[in-house]
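# Curious how this folds, go ahead:
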Amino acid sequence: MLRQWRPSTARSEYSISNYYYSILPKVASKKNRFLWHCPTPASMWVSWVTGDAQIGLNVTPVDPSTVGSEVWFGKESGKYTGKQTGVSVIYNQLYPFEGLWNYTSGIIHHVKIDGLEPETKYYYKCGDSSLEAMSEELVFETLPLPGSGKYPRRIAVIGDLGLTSNSTTTIDHLVNNDPSMILMIGDLTYANQYLTTGGKGASCYSCQFPDAPIRETFQPRWDGWGRFMEPLTSRVPMMVVEGNHEIEPQVANITFQSYMTRFSVPSNESGSNSNFYYSFDAGGVHFIMLGAYVDYNKTGAQYAWLQKDLQKVDRSVTPWLVAAWHPPWYNSYSSHYQEFECMRLEMEALLYQYGVDIVLSGHVHAYERMNRVFNYTLDSCGPVYIIVGDGGNIEKVDVDHADDLGKCPSAGNNIPEFGGVCHMNFSFGPAKGKFCWDRQPEWSAYRESSFGHGMLEVVNSTYALWTWHRNQDIYQEDSHGDQIYIVRQPELCSTSSKDNNISPTANVVAELRNPSFSSFCGALLFLAVGFQVRNGGRFIQLILCWCLLRFYIKPRLQDYEDHILGLDYS
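Got it, this is the predicted structure:
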């Protein structure tokens, strides 16, 4: 039975500090601080939360003007030569129905600090000095300048993180890898997997809460997630893009309130004027963050902005072009299979035209890396698509592939939460006339159902090292699940080369896990078994040593030398 409409949203009957746990009860609390990178290394956004959030049948919003927003900063500990102020805001998540609890946030502060030097360590405090309420000292380091020939040291990539024990393992592992910046590819907290009263969460997004007139969320999970991330994000800048779990509909069809209010992104600086899509530079990398849950049609504002942004990119200044959005276009898992075909059909050709190198997505709760592909055809000028939706969320990992026997979803499944449905059967290749392949598609290079995170290390304008770390390998030295060098050769992927149907050897993906090691050396070892008795096993030992030197140590030393010197042997 549908719950009754309840128009009253006057005074709070409960506060979150009494019902659930204290949400930043003091001004300038030590929790919920975030750094956001701006389009240039001369700027940084600092965000934090003060005051009590409230939750109950009725809530009374606090006045954000009662607390100031200040950041003090300087290049020496305890010596703050700069001071800048910003804005303070709150948001409400309202469910005016009987039995559903409302939420109003604490005071959310955003301060943009300018005039910073690149590749420089800064010490800072945030709070309100008029109330004698400044935080303890924290520290961050700015990123390299575009055009300097330098790149962020390590770029961490996480999708679909949530707030579980698996999420904790992911972040612990990521901290050990010491990133210089973080890309969060949507689905951050999974607050909408819980009832407004904080009841037990659902382990699948499609599960409908019984007797509810609207999909509920438990907003205090945003506050808990902020405290969980604060030790990392108070010193390492993080850039975000929205996922479907950030939609969070409420009264009057309002959506994305928490995402829009809690995060500062360079929308004005990049000319998008939208928190859903924007771009920024970090050293020699130009990042484009796209919104899959707002209009992406060729006639829309996002497409027009994307076209202008790509036209302005100077590849001599930012050689690498990396795009990110939440739901993947290429995906061989049953989950979300062909879900965002409409977005791919609208935008893929534009990204291909301007030579995007890497595309990062989440949404599918597993890991998958594609071979370079365009329009489902292997194309060495296409981007490397990578899915990292395995951050650790409550919905667990996806294990079924669309090419597994009996696991191909029907064309009516996987309907997107935004946009149209463009599911199609393949018109060419081994899967011609079918909705799914009967084996792992040729464009799918590596896939694994494990929680983890990715790390991108750009060496120079030609080489970048991509590594995917499994959570279960956290305590093993130098361990990883998948590792490749991505190689750019843009001169072989010019527009004229594409138009003349030249088959370039450009943008190579070179796997470090050399398959010839297992096949060739395995054959040698098999033949050597017959000599074991006569030679006391020494022949096998010699073969093992030779294989290790030839296929593991030597290639890594050569790769290291080539990448440092900028040599190209492809």
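
# ranges for the strands of the stretch 151-300 of the chain?
Using DSSP state E, counting those that start in this stretch, the strands of the stretch 151-300 of the chain run over 155-158, 181-184, 238-240, 278-282, 285-289.

# nearest to residue 126, of those?
With CB to CB, the closest approach to residue 126 among the strands of the stretch 151-300 of the chain belongs to strand 238-240: 15.9 Å. From N, CA and C alone the C-beta is placed, and that goes for glycine too.

# so what secondary structure elements neighbour that closest one?
Counting contacts by 3 or more CB pairs under 8 Å, 6 or more residues apart in numbering; DSSP states H and E, strand 238-240 is packed against strand 34-37, strand 181-184, strand 285-289.

# and it, which strands flank it?
When pairing is defined by DSSP bridges, strand 238-240 lines up against strand 181-184 (parallel).

# What residues of the strand it pairs with count as buried?
Across strand 181-184, burial judged by 16 or more other CB atoms under 10 Å covers 181-184.

# same check, this time on stretch 108-118
For stretch 108-118, by 16+ other CB under 10 Å, it's 108-113, 116, 118.

# List the contacts of it.
38, 41-50, 64, 67, 69-71, 73, 75, 82, 84-91, 122, 124, 126, 142-145, 148, 261-262, 264 (CB atoms under 8 Å, 6 or more residues apart in numbering).

# ditto for stretch 250-262
47, 89-96, 105, 108, 188, 191, 214, 219, 222, 226, 240, 242, 246-249, 275-276.

# That one spans what distance, first to last residue?
Terminal residues of stretch 250-262 are spaced 17 Å apart (CA to CA, to the nearest Å).

# Now that stretch: average pLDDT?
The average pLDDT for stretch 250-262 rounds to 94.

# buried set for that stretch?
250-251, 256-262.

# what does stretch 190-199 give?
Going by neighbour count (16+ other CB under 10 Å), the buried part of stretch 190-199 is 190-198.

# How about stretch 64-82?
64, 67-74, 80.

# next one: that stretch to chain centre, how far?
Centroid separation for stretch 64-82 versus its chain: 29 Å, with CA atoms, centre = their mean, to the nearest Å.

# What residues are bridge-paired with the nearest residue to residue 443 once chain neighbours are set aside?
Take residue 443 and drop its neighbours on the chain: the residue closest to it by CB to CB, 6 or more residues apart in numbering is residue 373, 4.2 Å away. Residue 373 has the following beta-bridge partners by DSSP bridges: residue 378.

# which residues sit in contact with residue 373?
With CB under 8 Å, 6+ apart, residue 373 has these contacts: 330, 379, 382-383, 385, 443.

# could you redo the last one with a cut-off of 10 Å?
By CB atoms under 10 Å, 6 or more residues apart in numbering, the contact set of residue 373 is 329-330, 348, 352, 359, 379-380, 382-385, 441-445.

# Quick one: buried ones out of the residues you listed?
329-330, 348, 352, 359, 379-380, 382-385, 441-445.

# Turn the strands of the stretch 151-300 of the chain into a markdown table, including mean pLDDT.
As requested, these are exported to a markdown table (pLDDT from 0 to 100):
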| stretch | mean pLDDT |
| --- | --- |
| strand 155-158 | 98 |
| strand 181-184 | 97 |
| strand 238-240 | 96 |
| strand 278-282 | 97 |
| strand 285-289 | 98 |
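
# Of all those, which one is nearest residue 269?
Of the strands of the stretch 151-300 of the chain, nearest to residue 269 by CB to CB is strand 278-282, at 7.6 Å.

# For residue 66, what are phi and psi?
Here is the backbone geometry of residue 66 (degrees, to the nearest 10): phi -80, psi -10.

# which residues touch it?
27, 50-51, 88, 107, 128, 131.

# now residue 91
61, 103-105, 108, 219, 222, 250, 254, 257-262.

# Distance of the closest residue to it other than its chain neighbours relative to residue 113?
With sequence-adjacent residues excluded and distances taken as CB to CB, 6+ apart, residue 91 is closest to residue 261, at 4.1 Å. Distance, residue 261 to residue 113, using CB to CB, to the nearest Å: 20 Å.

# before we move on, what about residue 353?
37 Å.

# tell me, how many neighbours does residue 410 end up with?
By the measure other CB atoms under 10 Å, the count of residues near residue 410 is 8.

# quick check, it in a strand?
No: read with DSSP: H, G, I helix; E, B strand; the rest coil, residue 410 is coil and lies in no strand.

# surely it meets residue 402?
No: Residue 410 is beyond contact range of residue 402, at 11.0 Å (criterion: CB atoms under 10 Å).

# any common contacting residues for these two?
residue 435.

# separation between the closest residue to residue 337 other than its chain neighbours and residue 287?
Using CB to CB, 6+ apart and skipping residues adjacent in sequence, the residue nearest residue 337 is residue 402, 4.7 Å away. Distance from residue 402 to residue 287, counting by CB to CB: 30 Å.

# need the contact list for the residue positioned nearest the centre of the chain.
Nearest residue to the geometric centre of the chain (CA atoms, centre = their mean): residue 185, 2.4 Å. Taking CB under 10 Å, 6+ apart, we find residue 185 in contact with 157-161, 239-243, 289, 324-328, 360-363, 386-389, 391, 454.
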